[in-house]
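A.B. asks: give me a 3D structure for the following:
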Amino acid sequence: MAYIFLKRLIDIIGSFIALLMMSPILAVFALLVKISSPGPIFYAPERVGRNGRIFKMLKFRSMRMYIIKGKWVHAQKYLETNPKLKKQYQESSFKLKNDPRVTVIGKILRRYSVDEIPQLLNILKGDMSLVGPRAYQYDELVHQQKVYPKTKKFVKTILKARPGASGPWQVSGRSFINFDKRVEMDAKYVQRKSTLYDIWIMIKTPAAMIIGTGAI
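C.D. replies: The predicted structure is shown next:
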């Protein structure tokens with residue numbers, strides 16, 4: 001209980017201070033997203049949170065908008081109408097290298113994880129934590145557990161915790177880690193329950209963002 005209380009306290013104080021410090025950066029990139037391509041500044045995909053609760057995770061929009069049946073839709077909806085791209089997406093652990101949907105500004109945002117900064121609002125709200133397991137899509141969890149049946153026990157463990165803006169896999173290669181290894185790493189993190197380990201990950205996170213290792 002002490003770990004959970006301290007972790008939440010760090011989340012509230014840390015995310016509030018970070019939002020104040022990064023507000024100029026948020027303003028600049030919000031403007032760049034707006035003028036670089038038509039569409040909203042933010043994108044709020046649904047993710048699976050603690051105890052399986054679905055929440056909307058706030059991000060800077062890094063993908064193009066597409067016109068389908070006369071309406072503007074997000075790139076994720078476009079993916080669902082493109083069988084070839086969708087198959088490639090699923091076969092590559094729900095990540096696409098050289099994704100044709102990503103804008104020029106979006107590539108910069110993703111490489112340095114700037115698109116993730118708005119998640120500080122999710123942390124302040126309580127949907128997420130500064131450090132935790134990856135925030136997975138519902139369809140991704142269902143599909144990948146069929147591909148990797150042995151991961152079910154790991155998924156059950158990680159859903160006991162709030163997903164994190166950063167975590168062990170983000171500072172250890174990120175997108176280059178396959179789903180089975182990623183959820184095993186996240187499950188071990190959840191079971192560890194160490195404030196010092198959380199602080200160590202937070203210290204490593206800025207360097208991982210700058211270097212952009214594994215980001216796509």
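A.B. asks: model confidence for residue 94, exactly?
C.D. replies: pLDDT for residue 94: 66.
A.B. asks: hang on, I meant residue 78
C.D. replies: So residue 78 comes in at 71 (pLDDT).
A.B. asks: for it, give me its contacts.
C.D. replies: Residues near residue 78 by CB atoms under 8 Å, 6 or more residues apart in numbering: 66, 68, 101. From N, CA and C alone the C-beta is placed, and that goes for glycine too.
A.B. asks: kindly report the same for residue 1.
C.D. replies: Residue 1 touches nothing, counting by CB under 8 Å, 6+ apart.
A.B. asks: state the next helix or strand along the chain beyond the helix or strand residue 35 falls within.
C.D. replies: Take DSSP states H and E as the rule and residue 35 turns out to sit in helix 2-36. Downstream of helix 2-36, the next assigned helix or strand under DSSP H and E is strand 42-43.
A.B. asks: for the helix or strand that comes right after that next one, packing partners?
C.D. replies: Next along the chain after strand 42-43, taking DSSP H and E as the criterion, comes strand 46-48. Packing partners of strand 46-48 (3 or more CB pairs under 8 Å, 6 or more residues apart in numbering; DSSP states H and E): strand 54-56, helix 138-147.
A.B. asks: how many residues are close by residue 210?
C.D. replies: 11 (other CB atoms under 10 Å).
A.B. asks: name the element it belongs to?
C.D. replies: Counting by DSSP H and E, residue 210 is part of helix 195-211.
A.B. asks: picking that back up, how far does the helix holding residue 35 sit from the chain's center?
C.D. replies: 14 Å (CA atoms, centre = their mean, to the nearest Å).
A.B. asks: same thing with stretch 107-115?
C.D. replies: Centre to centre, stretch against its chain (CA atoms, centre = their mean), the figure for stretch 107-115 is 12 Å.
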